[in-house]
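> The following comprises the amino acid sequence and a computationally predicted model.
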Amino acid sequence: METIMELNHVCKTFKGFALKDVSFSLKKGFIMGFIGANGAGKSTTIRCILDLIHPNSGEIFLFGEKANGNLQALKQRIGFVFDQDVFFSALTVAGNARVIAPFYKNWDQAAFRNYCERFDLPLDKKVKDLSKGTKMKLALAVALSHHAELIIMDEPTSGLDPIFRKELLDSLLDVIQDENKAIFFSTHLTADLEKVADYITFIHNGEIMLSEETDQLLERYVLIRGPKASMTAVQAITPIAMKQTAFGFESFAESVSARTLHAADLALERPTLEDIMYYLGKTGRGQVK
Ligand SMILES: Nc1ncnc2c1ncn2[C@@H]1O[C@H](COP(=O)(O)OP(=O)(O)OP(=O)(O)O)[C@@H](O)[C@H]1O
């Protein structure tokens with residue numbers, strides 16, 4: 001599959017924070033989730049991709065073309081959603097669409113109306129009177145209505161109720177049926193990603209800790225719980241992390257190394273993405289890819 005987005009050794013320094021040597025890529029036909037703690041550098045990375053800020057070094061390619069300084073043309077092929085107000089607040093939803101439409105060669109008014117219906121968006125309501133979640137729905141409807149090949153979203157599900165979040169995730173899965181498209185989005189809601197993301201990229205303190213297939217990642221690690229008496233056996237496999245709990249201990253280890261454990265009083269569990277983020281972030285032990 002063809003690569004649609006590629007970051008090569010991107011660096012950006014602010015006072016007190018730096019994106020360091022950020023490299024990863026996304027292929028057509030896939031959804032990639034971008035995760036990391038508050039202040040890890042997700043929005044900064046997305047702003048670099050969209051040429052809203054300029055990296056100090058490194059290269060970004062979109063659709064095989066160098067993006068820095070050339071994004072105006074490429075933006076036609078990108079749908080983006082930010083967690084901030086980007087609309088004309090005094091205009092209605094329909095009015096905003098009228099203003100935005102001419103900027104996109106492939107604007108599809110029928111698709112926009114369809115998404116408005118599907119997302120329960122009131123066409124005749126002024127944007128300033130919409131709730132935060134409804135504004136997010138509008139941003140999504142716009143992003144999906146000009147046949148973008150690459151959808152980039154910064155925290156699209158924040159402020160959305162669980163029902164709409166589910167609808168949104170279903171819409172993303174619909175969009176990705178077209179194998180020529182790809183979706184990249186940051187979120188703190190890792191459970192959502194386990195449902196839809198083919199790939200996960202994890203950033204920690206401005207560095208990419210890992211970028212790999214979600215299934216592979218979830219299988220790579222294991223959570224081990226047991227009574228204090230079994231701690232020595234688990235320590236012997238040199239787990240990535242281990243902590244005492246009220247009932248014994250919890251340990252986070254590579255699945256491969258845990259294969260040698262046979263104690264009957266140990267419970268081995270597949271970690272969630274949140275567990276993986278927590279333990280790799282805390283120990284700084286992600287594999288740089
Ligand atoms: N224009 C700027 N000038 C100086 N520092 C900045 C600027 N933009 C971002 N930063 C800093 O860069 C760091 C990373 O911020 P960023 O918004 O990329 O994190 P994030 O991973 O998106 O966090 P969150 O999940 O909280 O949204 C933060 O410490 C932030 O204060």
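Perfect, I can see it now.

> what stretches of the stretch 101-250 of the chain score poorly on pLDDT?
Counting by pLDDT under 70, the stretch 101-250 of the chain shows no low-confidence range.

> So which residues of the chain form strands?
Ranges of strands in the chain, per DSSP state E, are 3-14, 17-27, 31-35, 57-62, 65-66, 78-81, 150-154, 182-186, 199-204, 207-213, 221-226, 241-245, 248-254, 267-269.

> Report whether the expected contact of Leu261 with Leu268 is present.
Yes: using CB atoms under 8 Å as the test, Leu261 is close enough to Leu268 to be in contact (7.4 Å). C-betas here are computed from N, CA, C, even on glycine.

> the more surrounded of those two?
Leu261 (19 against 15; other CB atoms under 10 Å).

> can you pull the buried residues of stretch 274-284?
Buried residues in stretch 274-284, counted by 16 or more other CB atoms under 10 Å: Asp275, Ile276, Met277, Tyr278, Tyr279, Leu280, Gly281.

> Which of those fall within helices?
Asp275, Ile276, Met277, Tyr278, Tyr279, Leu280, Gly281 (DSSP state H).

> and the fifth one, what pLDDT?
Reading off the confidence values, Tyr279 has pLDDT 91.

> I figured it was touching Ile240, is that so?
Yes: counting by CB under 8 Å, Tyr279 does reach Ile240; the two are 6.0 Å apart.

> Output the strands of the chain in CSV, with distance to Met136 appended to each entry.
Below are these laid out as CSV (distance: least, CB to CB, whole Å):
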stretch, distance to Met136
strand 3-14, 22
strand 17-27, 22
strand 31-35, 17
strand 57-62, 24
strand 65-66, 29
strand 78-81, 7
strand 150-154, 9
strand 182-186, 12
strand 199-204, 22
strand 207-213, 26
strand 221-226, 32
strand 241-245, 35
strand 248-254, 34
strand 267-269, 34
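
> who wins for proximity to Pro102 among these?
With CB to CB as the measure, strand 78-81 is the member of those nearest Pro102 (16.3 Å).

> So which residues make contact with that closest one?
Strand 78-81 is contacted by residues 50, 62, 136, 139-140, 142-144, 146, 148-154, 156, 185 when judged by CB atoms under 8 Å, 6 or more residues apart in numbering.

> what do you get for stretch 202-217?
17-25, 32-37, 40-42, 44-45, 193-194, 197-201, 273, 276-277, 280-281, 284, 286-289.

> thinking again about what came up before, JSON lines please, covering the strands of the chain and showing distance to the ligand.
Shown next, in JSON lines, are the strands of the chain (distance: least, CB to the nearest ligand atom, whole Å):
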{"stretch": "strand 3-14", "distance to the ligand": "3"}
{"stretch": "strand 17-27", "distance to the ligand": "4"}
{"stretch": "strand 31-35", "distance to the ligand": "9"}
{"stretch": "strand 57-62", "distance to the ligand": "15"}
{"stretch": "strand 65-66", "distance to the ligand": "23"}
{"stretch": "strand 78-81", "distance to the ligand": "14"}
{"stretch": "strand 150-154", "distance to the ligand": "7"}
{"stretch": "strand 182-186", "distance to the ligand": "7"}
{"stretch": "strand 199-204", "distance to the ligand": "7"}
{"stretch": "strand 207-213", "distance to the ligand": "12"}
{"stretch": "strand 221-226", "distance to the ligand": "22"}
{"stretch": "strand 241-245", "distance to the ligand": "22"}
{"stretch": "strand 248-254", "distance to the ligand": "22"}
{"stretch": "strand 267-269", "distance to the ligand": "27"}
